[in-house]
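J.: the sequence and its predicted three-dimensional model are supplied below.
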Amino acid sequence: MTEHTAAPTPETEHPSTARHPAATRRTGLLVTLVLGGLTATPPLAMDMYLPSLPEVTRSLHAPAATVQLTLTACLAGMALGQLIVGPMSDRWGRRRPLLAGLAVYLLATALCAFAPNVETLVAFRLLQGLAGAAGIVIARAVVRDLYDGVAMARFFSTLMLVSGVAPIVAPLIGGQILRVTDWRGVFVVLTAVGALLAAVVWRRLPETLPPADRHGGGIGQATSAMRGLLADLPFTGYMLAGGFAFAALFAYISASPFVIQEIYGASPQTFSLLFGVNSVGLMIAGQINGKVLVGRVSLDKVLAVGLAVIVLAATALLLLSTGVLGDTGLLPIAVALFVLMSAMGITLPNAQSLALLRTRHAAGSASALLGTSSFLVGAVASPLVGVAGEHTAVPMAVVQLAGALVAAACFVGMCRPWTTRETTRAGSEGDES
C-alpha cells in the first residue's frame, strides 16, 4: 500500500477515536487472559515438551541434534506462519484467521503424539508451528488495534505477566507428566489445553478490526505494506534488536534441558523447577517495566539497559562454561541464566512496542514481521547450540553472546536512540489506561 512507503514516526502516532474507534475500547479481564493465552502458544508448545527431550532421543533412537530439530521445525513454522496469517488478519479481520489457525494447531498437536519416528515428529511440529502462529501474530495485532503509546507498552507488560505463567507451569507439568507416562502424553495434554483456549476464543474474543479499517488488496498489497515497514530504518532496527535478543532466549530454551540434566546431572523435575524460577524473573522484570519504568523513563533507555544486561549475562555464561573461572557447578550457571532471562522481561516488550509505534495501519503485517524475524533467528540458533554435542555448554553461551551483541549493534546503529524523541512522552497524554 502506498501509505506504507514511509512509516509514520512515533510523534505522529496519536489515537484518533473518529478514525480508529477500537482504540478507545478497554479490554476486560477475560479478553486480557485470552490474549495472554494466545501469546503463551510458544511456551506451551515448547516448554512443556522440554523436559522430555532426552527421553525422545532414547525413545526414537535419534541423536540430540536431530531431536532439537523438533524445536527448530516448530519455531520455523511459527515464523513462516505469521507472514501468512498477519496480512490475512488485516484483510479479513482478526477472528476468522485466528479460529482457523487454532483448529489446525489442535490437529497437528494431536498427531505429534502418534509420531512413529523423529522425521515424522519434525514434520508434525512444523505444521503445529505454522498453525500456532495465528495466536501469536493476531494477539499482537489486537493489542495494536486497541492501544497506542504508553498504554500499549504497559499492556504488553501485562501480557507478559499473563503469558509468563506458561513458562513457569509448562515445564513443571511436563516433568510431572513424565512421572506417569512418556513424552507422547505431553502432546495429549497440549491438545486438551489448546482445545480449551480455542473454545474460549470462539465464545469470548470479539472482533477488534472494524471493516472500514481492513484492506481489500491481495498478496501484492500485503507485500507493499511490508516493504514500506522495512524501509523505515528504526522499525527494522527495533525488529532486529528484538529478534536477535530472542535468539539468546531460544538458545537457552533449546540447550538448557541438556546442559542442566546431562552435564550437571539434574533430574527433569529439578530442571523444570529452575526453568520456572527463571520464568518468574522474566515475569517480575516485565511488571517492573510496565508498572514502574514505562511513562517515567523512555522506552529506548529501558531497552538499552536490557540489552546491556543480556550481553553481560551471556559473557558470564561463556566464561563459566569454558572453565575460565575455574571448575564451577550448577549454581553459578543457574544464576547467570536467571539474570539473562530476567533482562528479557524489559527487552522484548519494549522492542515490540517501539516497533509497533512506527505504524498504525496494517498492524497484522507489522506484527508478522516482528514475529517472523524473531522466530527465524531463533530457529537458526536452535541447531547451533547442539553442534558440539550434548556434553558442553559452550555453544549455548556463544550463541547467546553473539545474539546479544548483534541485537545491541542493530539498536545502536539503526534506531539511533540518542536522536529519537521520547516515544513514551509522545503518546502519554491520550494513551493512559
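T.: Nice, thanks for sending it over.
J.: show me where pLDDT drops low in the stretch 1-150 of the chain?
T.: 1-27, 43 (pLDDT under 70).
J.: shaky segments in the stretch 151-300 of the chain?
T.: 161, 163-164, 167-168, 216-222.
J.: mind doing that once more with 90?
T.: Across the stretch 151-300 of the chain, the ranges flagged by pLDDT under 90 are 151-183, 189, 193, 203-232, 246-247, 249-284, 286-287, 289-299.
J.: show me where it has helices.
T.: Ranges of helices in the stretch 151-300 of the chain, per DSSP state H, counting those that start in this stretch, are 165-180, 183-204, 219-231, 233-258, 268-288, 299-321.
J.: out of these, which gets nearest to Leu146?
T.: Leu146 lies closest to helix 183-204 among the helices of the stretch 151-300 of the chain, at 15.0 Å (Cβ to Cβ). Any C-beta I mention is one placed from the backbone N, CA and C, and that applies to glycine too.
J.: give me the residues contacting the closest one.
T.: Helix 183-204 is contacted from outside by 30-31, 34, 37-38, 44-45, 48-49, 52, 55-56, 59, 95, 98-99, 102-103, 105-106, 109-110, 112-114, 135, 173-174, 177-178, using Cβ atoms under 8 Å, 6 or more residues apart in numbering.
J.: buried subset of those residues?
T.: Listed as buried from the contacts of helix 183-204 are 31, 34, 37-38, 44-45, 48-49, 52, 56, 95, 98, 102, 105-106, 109-110, 112-113, 135, 173-174, 177-178; burial here means 16 or more other Cβ atoms under 10 Å.
J.: if you count neighbours, what's buried in whichever helix in the chain runs longest?
T.: If you go by DSSP state H, the chain has its longest helix at helix 118-146. For helix 118-146, a neighbour-count test (16+ other Cβ under 10 Å) marks 118, 121-146 as buried.
J.: and the nearest residue to Pro332 once chain neighbours are set aside, how many neighbours does it have?
T.: Leaving out its chain neighbours, the residue that sits closest to Pro332 by Cβ to Cβ, 6 or more residues apart in numbering is Leu320, at 5.5 Å. Neighbours of Leu320 under the rule other Cβ atoms under 10 Å: 20.
J.: how much space between Leu320 and Ala393?
T.: 8 Å (Cβ to Cβ, to the nearest Å).
J.: okay, and the common contacts of these two?
T.: The contact lists of Leu320 and Ala393 share Ile333, where a contact means Cβ under 8 Å, 6+ apart.
J.: distance check, Gly194 against Ile310.
T.: Gly194 is 31 Å from Ile310, where distance means Cβ to Cβ.
J.: ignore the last one, Thr70
T.: Thr70 is 26 Å from Ile310, by Cβ to Cβ.
J.: neighbour count: these two, which is higher?
T.: Ile310 (29 against 26).
J.: go ahead and confirm the more buried one touches Ala343.
T.: Yes: applying Cβ atoms under 8 Å, one finds Ile310 in contact with Ala343, separated by 4.8 Å.
J.: nearest to Phe155, of the helices of the stretch 151-300 of the chain?
T.: helix 268-288 (11.5 Å).
J.: what is the longest helix of the chain packed up against?
T.: helix 29-39, helix 41-47, helix 69-92, helix 95-112, helix 149-163, helix 330-356, helix 363-384 (3 or more Cβ pairs under 8 Å, 6 or more residues apart in numbering; DSSP states H and E).
J.: can I get those helices in CSV including distance to Met239?
T.: Shown next, in CSV, are the helices and strands packed on helix 118-146 (distance: least, Cβ to Cβ, whole Å):
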stretch, distance to Met239
helix 29-39, 17
helix 41-47, 17
helix 69-92, 12
helix 95-112, 22
helix 149-163, 15
helix 330-356, 5
helix 363-384, 5
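J.: which residues sit against stretch 102-122?
T.: 41, 45, 56, 60, 62, 66-67, 69-70, 73, 124-125, 127-128, 130-132, 134-135, 184-185, 187-188, 190-191, 194-195, 197-198, 201.
J.: what's the answer for stretch 69-82, then?
T.: 41-42, 45-46, 49, 56, 101, 118, 121-123, 125-134, 136-137, 250, 253-254, 367-368, 371-376, 378-379, 382-383.
J.: any idea how far it is from the chain center?
T.: Averaged C-alpha coordinates place stretch 69-82 at 12 Å from its chain's average position (Cα atoms, centre = their mean, to the nearest Å).
J.: send the alpha carbons of that stretch over as CSV?
T.: Coordinates of each C-alpha in stretch 69-82 appear next as CSV, following Å, rounded to 0.1, in the frame of the first residue of the first chain:
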residue,chain,number,x,y,z
LEU,A,69,15.2,-30.1,15.1
THR,A,70,11.7,-30.7,16.5
LEU,A,71,12.1,-27.4,18.3
THR,A,72,13.6,-25.8,15.2
ALA,A,73,10.7,-27.0,13.0
CYS,A,74,8.1,-25.7,15.3
LEU,A,75,9.8,-22.4,15.6
ALA,A,76,10.3,-22.1,11.8
GLY,A,77,6.7,-22.9,11.3
MET,A,78,5.7,-20.2,13.7
ALA,A,79,7.9,-17.7,11.9
LEU,A,80,6.6,-18.5,8.4
GLY,A,81,3.0,-18.8,9.5
GLN,A,82,3.0,-15.3,10.8
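J.: so how far is stretch 303-319 off the chain centroid?
T.: In terms of Cα atoms, centre = their mean, the centre of stretch 303-319 is set 19 Å apart from its chain centre.
J.: and if you look at stretch 84-94?
T.: On Cα atoms, centre = their mean, the centre of stretch 84-94 falls 19 Å from the chain's centre.
J.: which residues of the stretch 301-433 of the chain score low on pLDDT?
T.: Applying pLDDT under 90 to the stretch 301-433 of the chain flags residues 320-334, 345, 348-349, 352-353, 355-368, 370-397, 416-433.
J.: same thing but at 70, please
T.: 325-327, 360-361, 386-391, 420-433.
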